[in-house]
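> Quick one, what's the 3D model for this:
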Amino acid sequence: MSTDSAHSGGITEVETAGVERIPDADRTARPLDLFRLAFGGANTFATCVLGAFPILFGLSFWQGLAATVLGLVAGALLLAPLSLFGPANGTNNAISSSAHLGVHGRVVGSFLSLLTAVAFFSISVWSSGDALIGAAHRLVGLPESDFSYAAAYAVFAALVLTVCVYGFKFMLFVNKIAVVAASALFVLGVFAFAGDFDAGYTGAFASTSTPMFWPSFIGSALIVLSNPVSFGAFLGDWSRYIPAATPRRRVMGAAFLSQVATLLPFLFGLTTASVIATKAEKYLDPAAPNYVGGLLAISPGWYFLPLCLLALIGGMATGTTALYGTGLDFSSVFPRFSRVQATFFIGSLSIAFIFIGRFALNLAQSISTFATLIITCTAPWMIVMMLGYVTRRGWYDAEALQVFNRRQRGGRYWFAHGWNWRGLMAWLVSAVLALMFTNLPGQFVGPLGDLAGGTDISLPVGLVLAAVVYLGLLVAFPEPRGVYGPEGPRLVRASAADVLPITDADGREVPAVAPAA
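Numbers count the residues shown, from 1 in each chain. The predicted model follows:
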């Protein structure tokens, strides 16, 4: 069997695996495959749009580059530990969160993953579709009509849905091509815009002491940081195919480097935005920014075809990584749905959402805001997961994690009727307060959003508060000794409370399966 197979059979064999633990024999993916999927999902046109924000916020090129690198590295560091749950438990991160939120409380992770995937899938399809039609209009005179846009969105959505229905192996194949092709097209853009690019672009701030400089700088870094964080809830969808014995540093390294590598599309967006700001300033009007239109306005004619290819490849890569996780998580919340059924159902709803939002409600800006707010809520959940992993020393009972999906009761992670209020409270308090500190001018400003002089500090607030509250609750209200491994807890203490046995729907005790060491 090839080392990069997800399971036996060819790429056109429909994947039947849901959220149950992937058998060891089928877990033959490598950290390199994780890199390809995570990088391919972000090495897209949608990431370029995010890369343009520092210029839109008034930063110079070098200030924007500093904000981009800061946000990207911080986000990659936050994301990397979330890659460890898949190899450890052979399932996705939402199921793994049962260990810290309870077998019922894990629906929080599924819900966040669902919303994140739908939002980023929509943004990807809209941005790529708009770029494709705009470039085709300039290249061959294709009319920029509602019909043309609808056809582009439909083609993207249908292709993405097809790949996701086939599953992990087909998606990996697509991303192998997408990583190389998209990277080459971005590099080609260097030659397209080199003559117009000026690294000395000064932006709107004469110095760092200028009012609103730091709010703009931090806001730009947080927008960049949100891109790696968006992968947190469903990174385990792909890493679950990596063998449990794989060194942790290699798995985390693959996840970290996959995000650092996205400096390529971020830099493309930053560079071209600075050119747009110089040659076609009207497209970066803060009241109605149109990065795609500006990019087409400054592009040389020979780059229109590569731009079309970039939009197509990027839309496929982002869409598949987002929608695959959505279908998988939906099947975990409603176990009666198979992965294929759940993927098709959620995919159909997402497609309807895209068309309604684009043509009936004009929700493009609102969805961007919606995605930012989702990330604000996801970051505290990630902190709970990471600290939970540390306190448990990376030890989990894979059978007890599957209690909800098997319609069973009890087990190590049953806690109080399937809810672990410690993790849930830490997430809820942190997420709510983080939302209150959100400051997105003209879109959403929380009740406490102006306390930092206009700077959006929602993400730092959520991250720090989640860490303090969660560890505090674990110390004050210890979890049962049975949820920890043979070496016991780290940093916190355990209680002597009993762990209930696993029982089936009829109340009969299920024979225990010894968890892996």
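
> Quick check: which helices or strands does the host helix or strand of Cys164 pack against?
According to DSSP states H and E, Cys164 maps onto helix 146-166. In terms of contacts (3 or more CB pairs under 8 Å, 6 or more residues apart in numbering; DSSP states H and E), helix 146-166 is packed against helix 107-140, helix 168-193, helix 304-333, helix 339-355. To be clear about C-beta, it is placed using only N, CA and C from the backbone, and glycine gets the same treatment.

> mind listing what's buried in the first one?
Taking 16 or more other CB atoms under 10 Å as the neighbour-count basis, helix 107-140 is seen to contain the buried residues 107-138.

> same check, this time on the shortest one
Of the residues in helix 339-355, those buried under the neighbour-count criterion (16+ other CB under 10 Å) are 339-347, 350-351, 353-354.

> Go through the residues you listed and name the one nearest Val73.
Set against Val73, the nearest of the buried residues of helix 339-355 by CB to CB is Ser350 (31.2 Å).

> Now do the closest one, the pLDDT please.
Looking at Ser350, its pLDDT stands at 74.

> State the distance from it to Thr210.
Counting by CB to CB, to the nearest Å, the separation of Ser350 from Thr210 is 42 Å.

> Asp504 now?
66 Å.

> What of Gly347?
47 Å.

> okay, the angle between the helix or strand harbouring Met386 and helix 107-140?
Met386 belongs to helix 364-391 when assigned by DSSP H and E. Helix 364-391 and helix 107-140 are oriented at 140 degrees to each other (axes from the mean of the first three to the mean of the last three CA atoms, to 10 degrees).

> Who are the packing partners of helix 364-391?
Using 3+ CB pairs under 8 Å, 6+ apart, helix 364-391 is in contact with helix 61-79, helix 98-101, helix 107-140, helix 213-229, helix 421-436, strand 444-445, helix 458-476.

> could you dump the ones you listed to JSON lines with distance to Val251?
As requested, these are exported to JSON lines (distance: least, CB to CB, whole Å):
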{"stretch": "helix 61-79", "distance to Val251": "12"}
{"stretch": "helix 98-101", "distance to Val251": "18"}
{"stretch": "helix 107-140", "distance to Val251": "19"}
{"stretch": "helix 213-229", "distance to Val251": "16"}
{"stretch": "helix 421-436", "distance to Val251": "23"}
{"stretch": "strand 444-445", "distance to Val251": "35"}
{"stretch": "helix 458-476", "distance to Val251": "22"}
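
> now these in JSON lines, with mean pLDDT and distance to Leu159?
Listed next are the helices and strands packed on helix 364-391 as JSON lines, based on pLDDT from 0 to 100; distance: least, CB to CB, whole Å:
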{"stretch": "helix 61-79", "mean pLDDT": "96", "distance to Leu159": "27"}
{"stretch": "helix 98-101", "mean pLDDT": "96", "distance to Leu159": "34"}
{"stretch": "helix 107-140", "mean pLDDT": "80", "distance to Leu159": "10"}
{"stretch": "helix 213-229", "mean pLDDT": "88", "distance to Leu159": "23"}
{"stretch": "helix 421-436", "mean pLDDT": "96", "distance to Leu159": "34"}
{"stretch": "strand 444-445", "mean pLDDT": "82", "distance to Leu159": "33"}
{"stretch": "helix 458-476", "mean pLDDT": "95", "distance to Leu159": "33"}
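
> Out of these, which is closest to Arg21?
Closest to Arg21 of those is helix 98-101 (CB to CB; 12.5 Å).

> That closest one packs against which elements?
Partner elements for helix 98-101 (3+ CB pairs under 8 Å, 6+ apart): helix 364-391, helix 398-401, helix 421-436.

> Please spell out which residues along the first one are buried.
So the one you mean is helix 364-391. Quick answer for helix 364-391 (16+ other CB under 10 Å): 367-389, 391.

> Ok, the shortest one next?
Judged by neighbour count using 16+ other CB under 10 Å, the buried positions of helix 398-401 are Ala398, Glu399, Ala400, Leu401.

> I'd like to know which elements that helix is packed against.
helix 98-101.

> got a list of what the residue nearest to Trp421 when sequence neighbours are not counted touches?
Counting by CB to CB, 6 or more residues apart in numbering, Trp421 lies nearest to Phe415, which is 7.6 Å off, once chain neighbours are set aside. For Phe415, the contacting residues are Gly102, Trp421, Glu479, by CB atoms under 8 Å, 6 or more residues apart in numbering.

> can we see that at 10 Å?
Counting by CB atoms under 10 Å, 6 or more residues apart in numbering, Phe415 touches 98-105, 421-424, 479-480, 483, 497, 499-500.

> now do Ala244
Ile22, Asp24, Arg27, Gly86, Pro87, Ala88, Asn89, Gly90, Ala398, Ala516.

> Drop anything exposed from these.
Ile22, Arg27, Gly86, Pro87, Ala88, Asn89, Gly90, Ala398.

> mind checking pLDDT for the third one?
The predicted local confidence for Gly86 comes out at a pLDDT of 93.

> separation between it and Pro380?
Distance from Gly86 to Pro380, by CB to CB: 21 Å.

> What is the neighbour count of the residue lying closest to Ala29 once chain neighbours are set aside?
Leaving aside its chain neighbours, Ala29 sits nearest to Tyr241 (3.8 Å; criterion: CB to CB, 6+ apart). Tyr241 has 27 neighbouring residues, counting by other CB atoms under 10 Å.

> Quick check on Tyr241: phi, psi?
phi -90, psi 0 (degrees, to the nearest 10).

> For it, give its distance to Asn92.
Counting by CB to CB, the gap from Tyr241 to Asn92 is 11 Å.

> what touches both of these two?
Gly86.

> Disregarding residues adjacent in the polypeptide, which is nearest to Glu479?
Nearest to Glu479 is Ala494, by CB to CB, 6+ apart, at 6.3 Å.

> wait, doesn't the one you found sit right on Pro478?
Yes - using CB atoms under 10 Å, Ala494 is in contact with Pro478, at 5.2 Å.

> any weak-confidence spans in the stretch 301-450 of the chain?
The stretch 301-450 of the chain contains residues with pLDDT under 70 at 324-329, 331-332, 335, 339, 357-358, 360-368, 371, 442.

> swap the cut-off to 90 and go again
301, 304-375, 398-399, 402-408, 438-446, 449-450 (pLDDT under 90).

> what about stretch 63-81, distance to the chain center?
Distance of stretch 63-81 from its chain centroid, counting by CA atoms, centre = their mean, to the nearest Å, is 14 Å.

> Could you count how many residues lie near Gly200?
9.

> any idea how far it lies from Trp62?
9 Å.

> Same check on Val163?
Val163 is 39 Å from Trp62, by CB to CB.

> do Ala206 as well
14 Å.

> more crowded one of the two?
Trp62 (13 against 10).
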